[in-house]
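>>> turn this into a structure:
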Amino acid sequence: QALTHTQEKRRKAIKDLDEAAHLYLFTKPDATGRITLSRRGIIAVGGITATGYYLLRLLLRDLLHRYPWYRLLQKKADRTKLFELYFLSILNAAIMGGHSVRKLIVGGHHGTTRMLSAALGYFVHDFYAMRYEFRNDVGMLFHHLIAIYGSALCVGRPQLHKYVATWSATELSSVFLGLRWLLAETGQTSTRAYKAVLVLFGSSFFATRIWNIWRPGGAMRTLWDDPDVQKLPWWHPLRGGVTALSCLNIFWFWKILKMARRQFAQ
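Model (predicted):
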């Protein structure tokens, strides 16, 4: 899609300012006049995003300590840190999922570099914040390593950006995962809201992480059949890593079904 005259002028102004300040956060405009983040720009956006999530976590801590349900979390072996991280997870998942669904509807993949750069900053911050929790959840450690490494490799490969929306849409289920945890930790597992969130979590997980990935002709087959991806060795994170993570999703979905069965049997 061609840029409008106003968009062209705005991009030129951004690029001129970038060069005048010797920041070099953007690449040179391509044949269509579009610019994207340079490697330095990707690092800058990731660093700013990671810092922003850290400051938001501190702000949440200051604002929520007055509420009874938050004090309840503190009594339960001080679960407030996990609450903060789940809240940030919901925010990041909503951004990634919302951006990806919009791209799947309207088409195109412009803005993917910025979205991946911001997501990379989130994953790095979350990995650091959860470094003491991974000993109890090896699967989550593996998930974070693949997310960081995969995002870092994909963000600088525009030829792979056409697949990002499909795979990042899986983050929609993370929104309901975070909400389910918050309801469970505040003692609301018997409420209709909890059961509704559980259904939304399970259905969105199946739709985006199981059916859309593993169905015949789905995202997994399309990715592996791509000539650019076939040039990579099978153990490369963008091939073997994505496949391993998708297999892990099948295991998690089995656990979700067991949890839902217990919940609705009550």
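
>>> buried set for the helix or strand hosting Trp252?
Using DSSP states H and E, Trp252 maps to helix 242-265. Buried residues in helix 242-265, defined by neighbour count with 16 or more other CB atoms under 10 Å: 242-243, 245-246, 248-249, 252-253, 256. Quick note: C-beta positions are derived from backbone N, CA and C, even for glycine.

>>> okay, those in CSV with pLDDT next?
As requested, these are exported to CSV (pLDDT from 0 to 100):
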residue, pLDDT
Val242, 79
Thr243, 83
Leu245, 77
Ser246, 86
Leu248, 84
Asn249, 88
Trp252, 87
Phe253, 91
Ile256, 87
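
>>> turn these into CSV, including distance to Trp181.
Converted to CSV, the buried residues of helix 242-265 look like this (distance: CB to CB, whole Å):
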residue, distance to Trp181
Val242, 25
Thr243, 27
Leu245, 20
Ser246, 23
Leu248, 19
Asn249, 18
Trp252, 14
Phe253, 17
Ile256, 13
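
>>> just those now: which is nearest Gly139?
Leu248 (6.2 Å; CB to CB).

>>> pretty sure that closest one contacts Met140?
No: Leu248 lies out of contact with Met140 (CB atoms under 8 Å); the separation is 10.0 Å.

>>> below-threshold pLDDT in the stretch 1-150 of the chain: ranges please.
1-3, 30-33, 73-79 (pLDDT under 70).

>>> show me where it has helices.
In the stretch 1-150 of the chain, the helices defined using DSSP state H, counting those that start in this stretch lie at 5-20, 39-64, 68-75, 80-106, 112-129, 138-155.

>>> of those, which is nearest Thr222?
helix 80-106 (13.3 Å).

>>> could I get the buried residue list for that closest one?
80, 82-90, 92-93, 95-101, 103.

>>> again with stretch 137-156
Buried residues in stretch 137-156, counted by 16+ other CB under 10 Å: 141, 143-148, 150-152, 154-155.

>>> who touches Thr112 in this structure?
By CB atoms under 8 Å, 6 or more residues apart in numbering, the contact set of Thr112 is 103, 161, 164-165.

>>> which PyMOL command selects the buried ones in those?
A single PyMOL command suffices to select whichever of the contacts of Thr112 are buried according to 16+ other CB under 10 Å:
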select buried, resi 103+161+164+165
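
>>> which one of the contacts of Thr112 is nearest to Ala118?
Val164 (12.6 Å).

>>> what's the helix or strand for that closest one?
Element membership of Val164, judged by DSSP H and E, is helix 164-168.

>>> send over the next helix or strand along the chain from that helix as PDB, restricted to the C-alpha atoms.
Beyond helix 164-168 in the direction of the C-terminus, DSSP H and E gives the next helix or strand as helix 172-185. Taking C-alpha atoms only, helix 172-185 is exported to PDB below (Å, rounded to 0.1, in the frame of the first residue of the first chain):
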ATOM      1  CA  LEU A 172      -4.400 -13.800  23.200                       C
ATOM      2  CA  SER A 173      -4.700 -16.800  25.400                       C
ATOM      3  CA  SER A 174      -2.200 -15.200  27.800                       C
ATOM      4  CA  VAL A 175      -4.600 -12.400  28.500                       C
ATOM      5  CA  PHE A 176      -7.100 -14.900  30.000                       C
ATOM      6  CA  LEU A 177      -4.300 -16.900  31.700                       C
ATOM      7  CA  GLY A 178      -3.400 -13.800  33.600                       C
ATOM      8  CA  LEU A 179      -7.000 -13.100  34.500                       C
ATOM      9  CA  ARG A 180      -7.500 -16.700  35.700                       C
ATOM     10  CA  TRP A 181      -4.500 -16.500  38.000                       C
ATOM     11  CA  LEU A 182      -5.600 -13.200  39.500                       C
ATOM     12  CA  LEU A 183      -9.100 -14.600  40.200                       C
ATOM     13  CA  ALA A 184      -7.700 -17.800  41.700                       C
ATOM     14  CA  GLU A 185      -5.200 -16.000  43.900                       C
END
